[in-house]
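K.L.:
structure here, sequence nowhere to be found:
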Ligand SMILES: Cc1ncc(COP(=O)(O)O)c(C=O)c1O
């Protein structure tokens, strides 16, 4: 698959891109889909009766349907376009009706996006419980069984850690949530781009993810809601109503209810094209390919003296995201050296996971994250570069 795929990312002629967990590169067909909207049928959606507006509206609607198909939600729930995972999670935090004494259960692995909205709810008397993984980033189901109780309204957990690459036991968690009557929100920011997803099989009530991490344009994200009637819209205004009078309003049905104002039309259409692209590659094939790369990366890093890898050293049950440090060196220095010496882009720092960094007793890490356009040769170049840096720091 690789040569054909790489040709769609001309930027790869100049760099080795290993920061896809932050944002992925954008293939030419997606760039073309965004440009196509502006060039050929630029009009607002859900408003005009003229033909151009009808075309834009249909394509924007089609993009929602493509995303629904991508996550196995063709028949169930509602796919709402947001600007990112963060907005999607906030829409759940603001859209559920909370009572004082309600409880949210989350974990120490979470990105700040899946912490701060729940911290904010403390102002409404909502309690927050945090389940810790072990030092490899793995959970004991018994810890969730103990944490989830009668007051638990919602369990909010990341599907895949953006620091350690480990996959959380969502299906098992879903069974506990069902038994205890709690809702389950899955942060799929790092799973939707890399793992075939099916909301029915996951058994969640909300799935949040970012289009820009899965080949889509920046400013795109998704909230899938199993029961849209159980969620209040967060934003109010044009485009989301059926009727308005001076006495009140009636909300529109479908995703429009949650997408007030003019949406990111070009972005949404671009996201639909990204989904087509991933489907053409095949998510099963993509996952198997990335697993091979991740194994090579992990084993290589573990063989370099002075490198400390954080999280599980087991190459299975994870995606191609690996965090490490070299001796006592500053992760930002290592990232700069990788860029300057070899044109390799990696993220360094706390990765928006400060509570996890504290738990691991580090200020930050270097994080490599791979995607379908990376190659074994690139992984080998990266390992060689890390080896040379480890010799001099
Ligand atoms: C696990 C996880 N959740 C949430 C987010 C937030 O995504 P966004 O910045 O697109 O809102 C990220 C981003 O890195 C992430 O990795």
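P.N.:
Received the coordinates, thanks. Small disclaimer: the values here were computed from a predicted structure and weren't measured.
K.L.:
any idea how far residue 15 is from the closest residue to residue 193 other than its chain neighbours?
P.N.:
Nearest-residue entry for residue 193: residue 214, 3.7 Å, with adjacent residues in sequence omitted and distances by C-beta to C-beta, 6 or more residues apart in numbering. Where C-beta positions appear, they are placed from N, C-alpha and C, glycine not excepted. Distance check for residue 214 against residue 15: by C-beta to C-beta, to the nearest Å, it reads 20 Å.
K.L.:
these two - which one has more neighbours?
P.N.:
Neighbours per residue, other C-beta atoms under 10 Å: of residue 214 and residue 15, the larger number sits with residue 214, 27 against 15.
K.L.:
just give the nearest non-adjacent residue to the residue positioned nearest the centre of the chain, would you?
P.N.:
For the chain, the residue nearest the mean C-alpha position is residue 189 (0.8 Å; C-alpha atoms, centre = their mean). Sequence neighbours aside, residue 85 is the residue nearest to residue 189 in space, at 4.3 Å (criterion: C-beta to C-beta, 6+ apart).
K.L.:
quick check: residues of the stretch 1-150 of the chain near the ligand?
P.N.:
For the stretch 1-150 of the chain, the contact set with the ligand under C-beta under 6 Å from any ligand atom comprises 21-22, 84-86, 111, 113-114.
K.L.:
want to throw the residues you listed into a markdown table with neighbour count?
P.N.:
Shown next, in a markdown table, are these (neighbours: other C-beta atoms under 10 Å):
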| residue | neighbour count |
| --- | --- |
| 21 | 27 |
| 22 | 15 |
| 84 | 22 |
| 85 | 27 |
| 86 | 21 |
| 111 | 21 |
| 113 | 21 |
| 114 | 25 |
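K.L.:
what about the helices in the stretch 151-300 of the chain?
P.N.:
Taking DSSP state H, counting those that start in this stretch, the helices of the stretch 151-300 of the chain run over residues 170-180, 199-202, 265-281, 283-302.
K.L.:
for residue 231, find the nearest of those.
P.N.:
Closest approach to residue 231 among the helices of the stretch 151-300 of the chain (C-beta to C-beta): helix 199-202, 15.1 Å.
K.L.:
list the buried residues in that closest one.
P.N.:
Residues of helix 199-202 classed as buried: 199, 202 (neighbour count, 16 or more other C-beta atoms under 10 Å).
K.L.:
repeat that for stretch 262-279.
P.N.:
Neighbour counts over stretch 262-279 (16+ other C-beta under 10 Å) mark 263-278 as buried.
K.L.:
try stretch 287-297
P.N.:
Quick answer for stretch 287-297 (16+ other C-beta under 10 Å): 289-291, 293-297.
K.L.:
just the angle between the strand or helix carrying residue 380 and helix 283-302, please?
P.N.:
For residue 380, the host element (DSSP states H and E) is helix 376-392. In terms of direction (axes from the mean of the first three to the mean of the last three C-alpha atoms, to 10 degrees), helix 376-392 departs from helix 283-302 by 20 degrees.
K.L.:
list the buried residues in helix 376-392.
P.N.:
For helix 376-392, the neighbour count (16+ other C-beta under 10 Å) marks 378-379, 382-383, 385-387, 389-390 as buried.
K.L.:
could those be laid out in a markdown table, adding distance to residue 239 and pLDDT?
P.N.:
Formatted as a markdown table, the buried residues of helix 376-392 follow (distance: C-beta to C-beta, whole Å; pLDDT from 0 to 100):
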| residue | distance to residue 239 | pLDDT |
| --- | --- | --- |
| 378 | 44 | 97 |
| 379 | 46 | 98 |
| 382 | 46 | 98 |
| 383 | 50 | 98 |
| 385 | 49 | 97 |
| 386 | 50 | 97 |
| 387 | 55 | 97 |
| 389 | 52 | 96 |
| 390 | 55 | 95 |
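K.L.:
turn these into TSV, columns for distance to residue 328.
P.N.:
Formatted as TSV, the buried residues of helix 376-392 follow (distance: C-beta to C-beta, whole Å):
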residue	distance to residue 328
378	27
379	25
382	21
383	21
385	19
386	15
387	17
389	13
390	12
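K.L.:
take the residues of the stretch 1-150 of the chain next to the ligand and keep only those in helices.
P.N.:
Members of those lying in helices (criterion: DSSP state H): 85-86.
K.L.:
on that earlier part again, and which of the buried residues of stretch 262-279 is nearest to residue 139?
P.N.:
Distances from residue 139 to these, taken by C-beta to C-beta, are shortest for residue 278, at 27.8 Å.
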